[in-house]
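Novice: Got a predicted structure here, sequence first:
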Amino acid sequence: MLFGNVERRAGIRYTAVTGGHNIAIAPSAGGAVIHSVDRAMRILAVLAGRRMSLGEIASRLDLAPSTTHGIVRTLLAHGMVVQERDSGHYRLGPGTLRLGTVYLDTLELRARVAGWAGELARRTGCAVRTGVLLLSDVVVVAHEPRPDGVRQMPEVGIVIPAHACALGKALLAHEPGTAPTLHAMTGETITDAAALEAELHHVRRTGIATEVEEAVIGECGLAAPVADATDVAGAIGLVVASSGWPLPGTALDALRDTARAVSRELGATAWPPAAAISGPASA
């Protein structure tokens, strides 16, 4: 998948792992913000999956045309943006792909999961996704297809609202103060903050999150957090058609075993992570 190429399938947004789809850059996060960098990031975000003229970019972001032109020219020089010869419109450039590839190649979580995901798929018959939190979304950084031989779309880079998927719930449960916008993806999506918090409390207590057709009609899943020596590094989950739901206890055991094994390789001393422990933890 090329970075900046966004498509929609059953409510899931497919985009680059560097972010992409209308990400709201939060100027207040982390204190002082360098405005030119903030504006450059906003331009990259608004171009994700789009081809836009300079005027359209400036209008969308409420920036002066001269300011937008200067930033876009700088992004062009670094390959982060390219300009189409025929239309003069701008789109994301190959520099974004290079950064995203470097990110994936240096992500230890992805490397560790690679040694376990195939076996987990074989034991459960399910596709296996590994994700990390990006603001209020989950970005899938590794995908192991179902072992049934049926051709499946590669899913690395898909972006799913965190509150609507098991991966996201496994991660949000360990993010104090996280309050995503609870928009509906399907009729089953949790849009009530109290109901979501009840689910997150369950995840913290058990280490397991579930979803039933909350992001995509006909798709269900389980997920578990994966920890490193200091924190939760991501989550790993099983994806199954609703006709195969609920998954048997053997699949749940296999998911726990895998989350525990990957966490151990990442340096965790116990699993579930501390916030999810209810009783003695098992390393």
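Specialist: Okay, I see it.
Novice: so where do the helices sit in this protein?
Specialist: For the chain, the helices defined by DSSP state H cover 35-47, 54-61, 65-77, 94-106, 108-124, 166-172, 193-206, 249-265.
Novice: Show residues contacting the second one.
Specialist: Among residues not part of helix 54-61, those counted as contacts by Cβ atoms under 8 Å, 6 or more residues apart in numbering are 39, 42-43, 46-47, 52, 63-65, 67-69, 72, 90. The way it works is simple: take the backbone N, C-alpha and C, and place the C-beta from them, glycine included.
Novice: Distance to Ala274, pLDDT and neighbour count added to these, as a markdown table?
Specialist: Converted to a markdown table, the contacts of helix 54-61 look like this (distance: Cβ to Cβ, whole Å; pLDDT from 0 to 100; neighbours: other Cβ atoms under 10 Å):
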| residue | distance to Ala274 | pLDDT | neighbour count |
| --- | --- | --- | --- |
| Arg39 | 39 | 92 | 18 |
| Arg42 | 36 | 90 | 20 |
| Ile43 | 40 | 92 | 24 |
| Val46 | 39 | 89 | 17 |
| Leu47 | 40 | 91 | 26 |
| Met52 | 45 | 94 | 18 |
| Leu63 | 44 | 93 | 16 |
| Ala64 | 49 | 93 | 9 |
| Pro65 | 51 | 93 | 12 |
| Thr67 | 46 | 93 | 14 |
| Thr68 | 46 | 94 | 21 |
| His69 | 50 | 94 | 15 |
| Val72 | 46 | 95 | 21 |
| Tyr90 | 46 | 95 | 23 |
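Novice: which of the helices of the chain is buried the deepest?
Specialist: Most buried of the helices of the chain by mean neighbour count (mean count of other Cβ atoms under 10 Å) is helix 166-172; its value is a mean of 29.
Novice: Give me the contact list for it.
Specialist: 129-133, 137-138, 140, 160-163, 178, 180, 196, 199-200, 203, 208-211, 221-225, 232, 234-237.
Novice: what sits against Ser87?
Specialist: So Ser87 contacts Arg51, Ser53 (Cβ under 8 Å, 6+ apart).
Novice: Just the pLDDT at the residue lying closest to Ala229 once chain neighbours are set aside, thanks.
Specialist: In space, Ala229 comes closest to Gly267 once its chain neighbours are excluded; the distance is 3.4 Å by Cβ to Cβ, 6 or more residues apart in numbering. With respect to pLDDT, Gly267 scores 95.
Novice: Ok, Val17 next?
Specialist: 39.
Novice: can you check the one 5 residues further on too?
Specialist: Asn22 is assigned 36 on the pLDDT scale.
Novice: do the same with Leu44
Specialist: pLDDT at Leu44 comes out at 89.
Novice: swap in Thr106?
Specialist: 62.
Novice: CSV for the helices of the chain, including distance to Ala184?
Specialist: Shown next, in CSV, are the helices of the chain (distance: least, Cβ to Cβ, whole Å):
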stretch, distance to Ala184
helix 35-47, 23
helix 54-61, 25
helix 65-77, 34
helix 94-106, 29
helix 108-124, 29
helix 166-172, 15
helix 193-206, 12
helix 249-265, 27
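Novice: mean pLDDT lowest for which of the ones you listed?
Specialist: Of all the helices of the chain, the minimum mean pLDDT falls on helix 94-106 (a mean of 73).
Novice: Now do it against helix 35-47, angle only.
Specialist: Angle of helix 94-106 versus helix 35-47, following axes from the mean of the first three to the mean of the last three Cα atoms, to 10 degrees, is 90 degrees.
Novice: so how far is helix 94-106 from its chain's centroid?
Specialist: Relative to the chain's own centre, helix 94-106 is displaced by 15 Å; criterion: Cα atoms, centre = their mean, to the nearest Å.
Novice: before we move on, what about stretch 88-106?
Specialist: The answer for stretch 88-106 is 17 Å, by Cα atoms, centre = their mean.
Novice: repeat for stretch 229-247
Specialist: That offset, for stretch 229-247, works out to 13 Å (Cα atoms, centre = their mean).
Novice: Pick out whichever of the contacts of helix 54-61 sits closest to Trp116.
Specialist: Leu47 (36.1 Å; Cβ to Cβ).
Novice: From Arg110, how far out is the spatially closest residue to the closest one that is not a sequence neighbour?
Specialist: Distances taken as Cβ to Cβ, 6+ apart place Leu92 nearest to Leu47, at 5.2 Å, with adjacent residues excluded. The spacing between Leu92 and Arg110, counted by Cβ to Cβ, to the nearest Å, is 22 Å.
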